[in-house]
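*Asks:* Here you go, sequence then predicted model.
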Amino acid sequence: MVKNLRLKSQKYSFKEEFIFAVEVLVDHGIPNLTQSFTYGVPERFRETEVGFAVNVPFAGKARFGIVSKKFAEYSGEIKSLSKILHPYPIITEEQLELIQSSIGRWGGQPWDFLSFAFPKIPQNLKREIQKVNGINRKVERPEFKLGRSYQELVDLILKRNKLSSQLLVVVPSLLEIDFLRGKLQKRFIEYGSHLTANERSINYLEVLAGVPNLIIGTRSSIFLPLAVGAEIIVVNDQNFTNYETRYPHWNVRDIALLRSKNFALTFYGHSPSLEISRLIETSWMRMGQGVKEKSEIHFNDGKISWQTVVKKNSQNGPILILVPDRGYVNSLVCQNCRNLYKCECGGRLVIFESSKSPQCFLCERSFKSLSCKYCKSNRILEYNRGSLRISAELGKQFPGLKIVNAKSELNYREIKSKTILVSTYENVPIIEYAAVVAQNFERFGNRGELRATEIARNTLFDLLAL
């Protein structure tokens, strides 16, 4: 039997010549590989510069990477770049230096920080980019500016914006951005997770080109590329939103301090954090303080009630009442023995609305009637009342005043006098109030954490600034 002939194809081994080599920070997702990798640059990719976004072969796949270094001499066999994704650098040399300093400060690998430093930029997004590099220059010592109101923050931004070629203001949340949007009568670029992916990309490229004179953003904006002579203002550095919860747990304050060798740096707050206080004590940071006005503060000691404070000030502007929790009734207990009512699944019983029966917080099972399994009493005490229940009670106590619950879609600038705004401590709307009532404020000082006193002090002075 005659076998069919098989032709064996021969592979031609072509060794591509490189005009220079580059080091690339490869987004490979392997935690223990923290170094960069060397790749050759052929003639067709001659325009490659530090900061270019490229595709490179890694472990048999095409991986995304950032060019971190460029050099003419190299040794050994190296692989070639596969593709240049954008005809301009998407990150500056100063940003890359910041990434390396951050690794030295917290550990981790480059992409633990690079993922925050710039957004994913679509290839079809065409922009005219000028190369903007931060440079080492002599700057004044960082300063902490102690403010007494949020209007002072507005004045500080307007003043420093005239003195600096570019000003970056890093705020804790969207609440501060909304406040500044209503107060600043000038255009500024926003940057943060509240924007869509496309909006973030467009705004990032404008910042990279050095276009905007004023940038206001949340936590990740601290990594933005800045022009020569720029200044950074960090607002309320001790706010928990300025800390990244994922490894390597960087925070805005320390990133800003790492950048202080290249850019002027100012911290603004109504009470300094422990870290800032220490830097002031060692004369590493300056202290800027205005004249403090004496505020009228009352405590729940029986001399004056909070109801009197509300009635006395309701004609002068809106009243803010702060409560610990959201919801209607967040826990039910036996009025006789104080036993906590729970469902068979282990979830506590709550009331979501005034017209509804108690329900399990976990499985949502409804209970038409309740009886304590310890003392058999059927008397129920609504123990942990939320903002909705307190709002209903306030409507009965102050029939002549409008009661409003804080919501994300609410336009707070439209709130006038004869109005009570009910909010939790976590998301306090920033407007000017005639009076602030802080219920259960002692919960901040009674915490078991090390920073309990600092948090209580900072919260108190932030409320006074309102």
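*Replies:* Here it is on my side, so go on.
*Asks:* which residues touch stretch 326-346?
*Replies:* Contacts to stretch 326-346, defined as Cβ atoms under 8 Å, 6 or more residues apart in numbering, come from residues 348-354, 358, 360-363, 365, 367, 370, 372-375, 377, 379-389, 424. Where you see a C-beta, it was placed from the backbone N, CA and C, and this is true even at glycine.
*Asks:* what's the burial count for the residue nearest to C363 when sequence neighbours are not counted?
*Replies:* Here the nearest residue to C363 in space, its sequence neighbours aside, is C345; by Cβ to Cβ, 6 or more residues apart in numbering that works out to 5.0 Å. Using other Cβ atoms under 10 Å, C345 is surrounded by 10 other residues.
*Asks:* Among the contacts of stretch 326-346, which ones are in helices?
*Replies:* Taking DSSP state H, the ones among those that sit in helices are 387-389.
*Asks:* Of the residues you listed, just say which sits nearest to A406.
*Replies:* Each of these was scored against A406 by Cβ to Cβ, and S387 proved nearest at 7.7 Å.
*Asks:* May I ask you to confirm that that closest one is in contact with V422?
*Replies:* Yes. In this structure, S387 is within contact of V422 by Cβ atoms under 8 Å, at 5.1 Å.
*Asks:* Spit out the residues that contact those two alike.
*Replies:* Overlap between the neighbourhoods of S387 and V422 consists of 323, 405-406, taking contacts as Cβ under 8 Å, 6+ apart.
*Asks:* For the ones in helices among the contacts of stretch 326-346, give me JSON lines that also has neighbour count and distance to R451.
*Replies:* As requested, these are exported to JSON lines (neighbours: other Cβ atoms under 10 Å; distance: Cβ to Cβ, whole Å):
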{"residue": "S387", "neighbour count": "20", "distance to R451": "25"}
{"residue": "L388", "neighbour count": "19", "distance to R451": "30"}
{"residue": "R389", "neighbour count": "20", "distance to R451": "30"}
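*Asks:* May I see those arranged in JSON lines, with distance to K418 and pLDDT as well?
*Replies:* Shown next, in JSON lines, are these (distance: Cβ to Cβ, whole Å; pLDDT from 0 to 100):
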{"residue": "S387", "distance to K418": "20", "pLDDT": "88"}
{"residue": "L388", "distance to K418": "21", "pLDDT": "88"}
{"residue": "R389", "distance to K418": "22", "pLDDT": "88"}
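*Asks:* Would you reformat those residues as TSV and include distance to Q397?
*Replies:* Compiled in TSV, the ones in helices among the contacts of stretch 326-346 are given as follows (distance: Cβ to Cβ, whole Å):
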residue	distance to Q397
S387	15
L388	15
R389	13
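*Asks:* Point out where the chain drops to low pLDDT.
*Replies:* Residues of the chain that meet the criterion pLDDT under 70 lie in 1-15, 126-139, 290-293, 302, 408-409.
*Asks:* Measure how buried G400 is and give me the count.
*Replies:* When counting by other Cβ under 10 Å, one arrives at 7 neighbours for G400.
*Asks:* ugh, typo on my part, it should be F71
*Replies:* Per other Cβ under 10 Å, the neighbour tally for F71 reads 10.
*Asks:* Leaving out chain neighbours, which residue sits closest to it?
*Replies:* If you skip the residues right next to it in sequence, F71 has A21 as its closest partner in space, 6.0 Å away by Cβ to Cβ, 6+ apart.
*Asks:* which residues touch the one you found?
*Replies:* With contact set as Cβ under 8 Å, 6+ apart, A21 has these partners: 38-41, 70-74, 78.
*Asks:* quick one: the nearest residue to R46 once chain neighbours are set aside from P57, how far?
*Replies:* For R46, ignoring the flanking residues on the chain, the nearest one in space by Cβ to Cβ, 6+ apart is I19 at 6.3 Å. Remark: distance between I19 and P57 (Cβ to Cβ, to the nearest Å) = 19 Å.
*Asks:* what do you get for L421?
*Replies:* Using Cβ to Cβ, one obtains 58 Å as the distance from L421 to P57.
*Asks:* Among those two, which residue is more densely surrounded?
*Replies:* Neighbours per residue (other Cβ under 10 Å) separate L421 from P57, with L421 holding more: 23 against 14.
*Asks:* My guess is the more buried one contacts E414. True?
*Replies:* No. Checked against Cβ under 8 Å, the pair L421 and E414 is beyond contact range at 11.4 Å.
*Asks:* how close does the residue nearest to F71 sit to G65?
*Replies:* Going from A21 to G65 by Cβ to Cβ gives 14 Å.
*Asks:* Following the longest strand along the chain in sequence, what is the next regular element?
*Replies:* When secondary structure is assigned using DSSP state E, the longest strand within the chain turns out to be strand 61-71. As assigned by DSSP states H and E, the chain's next helix or strand after strand 61-71 is strand 79-80.
*Asks:* just how off-centre is that following strand within its chain?
*Replies:* Put simply, strand 79-80 sits 39 Å off its chain's centre (Cα atoms, centre = their mean, to the nearest Å).
*Asks:* So what touches that strand?
*Replies:* With Cβ under 8 Å, 6+ apart as the contact definition, strand 79-80 has outside contacts at 16, 18, 39-42, 56-57.
*Asks:* Nearest to A435 among the residues you listed?
*Replies:* With Cβ to Cβ as the yardstick, the closest approach to A435 among those comes from V56, at 61.0 Å.
*Asks:* Can you show me the CA trace of the helix or strand harbouring the closest one as CSV?
*Replies:* Taking DSSP H and E as the criterion, V56 maps to strand 53-58. As requested, C-alpha coordinates have been extracted for strand 53-58 and formatted as CSV (Å, rounded to 0.1, in the frame of the first residue of the first chain):
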residue,chain,number,x,y,z
ALA,A,53,0.9,53.0,26.0
VAL,A,54,1.9,49.9,24.2
ASN,A,55,1.0,46.2,23.7
VAL,A,56,3.8,43.7,24.3
PRO,A,57,4.1,39.9,24.2
PHE,A,58,4.1,38.4,27.7
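*Asks:* Quick check: buried residues in that strand?
*Replies:* When burial is assessed from 16 or more other Cβ atoms under 10 Å, strand 53-58 yields the following buried residues: 53-56, 58.
*Asks:* hang on, the earlier thing: who's in contact with the residue nearest to R46?
*Replies:* Contact partners of I19, counting by Cβ under 8 Å, 6+ apart, are 41-43, 46.
*Asks:* Pull out the buried members of these.
*Replies:* Using 16+ other Cβ under 10 Å as the threshold, V41 are the buried ones among the contacts of I19.
*Asks:* Selecting buried members of the contacts of A21 in PyMOL, what would you type?
*Replies:* Here is the PyMOL command that picks out the buried ones among the contacts of A21, judged by 16+ other Cβ under 10 Å:
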select buried, resi 38+39+40+41
